[in-house]
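>>> Please find the sequence and the predicted model below.
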Amino acid sequence: MKKINPQLKLIVLLIYLSILAAGSIKNPLLIPITLCYTALISFLYYFGSKIKDIVINIGYVWLSKWALFIVALSITGIYAPDVFLYAMLLFVVFNITINPTTLMTKRTSIRNYRTANMEFRDTPPPSYFNDPQKETL
């Protein structure tokens, strides 16, 4: 897993907090919307960490977080259209910067997972490829 520079984390946190502050000045409803979104996506990541198969886990987390993004933005657009852009920026920053693999337990890495399940590469080709009666051009 790649290490992230602590200064980069601080910059992202400052961007996130400045967007949240600017949006909550415009409409204080942005704070509970953001808190609910953060709690829901944390639950999605938590439930995703319970999935044993890493490939299914990644697919579940990716699909569910972007589906939640669409639903949360739709609700925000209906009930608080004046902070829609602030919410969209917050949700995008959150989805891009938070890595769900930090919640995963130590399991096989993706590289090892792919190579461990490729035993079929060592098997000979099926016999119909070696048919001597088949004419070749």
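Here it is on my side, so go on.
>>> Please go through this structure and pick out the longest helix.
Identified as the longest helix of the chain according to DSSP state H is helix 54-79.
>>> which stretches of the protein form helices?
Per DSSP H, the chain carries helices over the ranges 6-26, 30-49, 54-79, 84-97, 110-116.
>>> Name the residues of the second one that are buried.
So that's helix 30-49. Leu30, Ile33, Thr34, Tyr37, Ile41, Leu44, Tyr45, Gly48, Ser49 (16 or more other CB atoms under 10 Å). In this view, the C-beta of every residue, glycine as well, is placed from N, C-alpha and C.
>>> Quick check, pLDDT for the residue nearest the centre of the chain.
Nearest to the geometric centre of the chain sits Trp62, at 3.8 Å (CA atoms, centre = their mean). Predicted confidence (pLDDT) for Trp62: 90.
>>> for Leu137, same thing?
On the pLDDT scale, Leu137 is placed at 54.
>>> Report how many residues lie close to Ile25.
Per other CB atoms under 10 Å, the neighbour tally for Ile25 reads 11.
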